[in-house]
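J.: sequence first, then the predicted structure, then my questions.
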Amino acid sequence: MKRAGLICAATAGALGIALAACDASSASTSAPGSAASAASPPRISVTGAYVPLSATPDMAVAYFDIANTGGSADRLLSVTSPEAQSAEMDLSTATSMTTISGGVVVPAHATTAFARDGRHVMLMDLSPAPELGRQVELRLSFQHSGTITVRATVQPLTYQPAS
């Protein structure tokens with residue numbers, strides 16, 4: 001009888017230590033600032049949107065900057081415009097232009113540029129044709145942040161945004 005009592009006491013003691021360890025472990029992983037705590041959601045803003053005046057009246061290119069001040073990445077999935085029959089995200093290099101498929105990642109605490117000689121949005125079959133000073137509406141759809149609407153001002157072809 002004495003032996004059975006000692007085994008029960010030892011088992012209960014071990015079980016208590018295991019439960020205490022589990023409780024301490026779960027408390028440490030959910031503590032604020034710990035590696036396991038969830039990152040803050042993305043906070044997206046779009047600035048500097050412009051469209052250089054094109055020699056082709058029904059086609060243009062749009063440029064802008066996307067800032068993410070949040071703690072997790074987002075992805076730009078698509079860009080549309082009610083003034084264009086179609087819009088596509090492209091990437092230009094010195095020798096080629098390719099369509100971007102799968103979207104564009106906007107990292108946490110970073111800015112992603114759509115700029116000359118890089119990423120841009122091709123706007124096709126525009127109506128009405130772009131005119132200097134006029135604005136073109138762009139709707140940017142993000143994986144986590146939803147759709148953000150911006151107005152891109154039509155600028156002279158040689159326009160360079162301030163750095």
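T.: Here it is on my side, so go on. Numbering: from 1, shown residues only.
J.: wait, A60 touches V136, no?
T.: Yes - under the criterion of Cβ atoms under 8 Å, A60 makes contact with V136 at 7.2 Å. C-betas here are computed from N, CA, C, even on glycine.
J.: and for these two, which residues touch both?
T.: V51, L123, L126, P130, V154 (Cβ atoms under 8 Å, 6 or more residues apart in numbering).
J.: tabulate these in a markdown table, adding columns for secondary structure, neighbour count and distance to T80.
T.: Listed next are the shared contacts of A60 and V136 as a markdown table, based on DSSP: H, G, I helix; E, B strand; the rest coil; neighbours: other Cβ atoms under 10 Å; distance: Cβ to Cβ, whole Å:
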| residue | secondary structure | neighbour count | distance to T80 |
| --- | --- | --- | --- |
| V51 | strand | 24 | 14 |
| L123 | strand | 26 | 9 |
| L126 | strand | 21 | 13 |
| P130 | coil | 24 | 16 |
| V154 | strand | 20 | 18 |
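J.: pick the one among those closest to V79.
T.: V79 has its nearest neighbour among those in L123, at 8.7 Å by Cβ to Cβ.
J.: so what's the closest one closest to, chain neighbours aside?
T.: Nearest residue to L123 in three dimensions, chain neighbours excluded: A84, at 4.2 Å (Cβ to Cβ, 6 or more residues apart in numbering).
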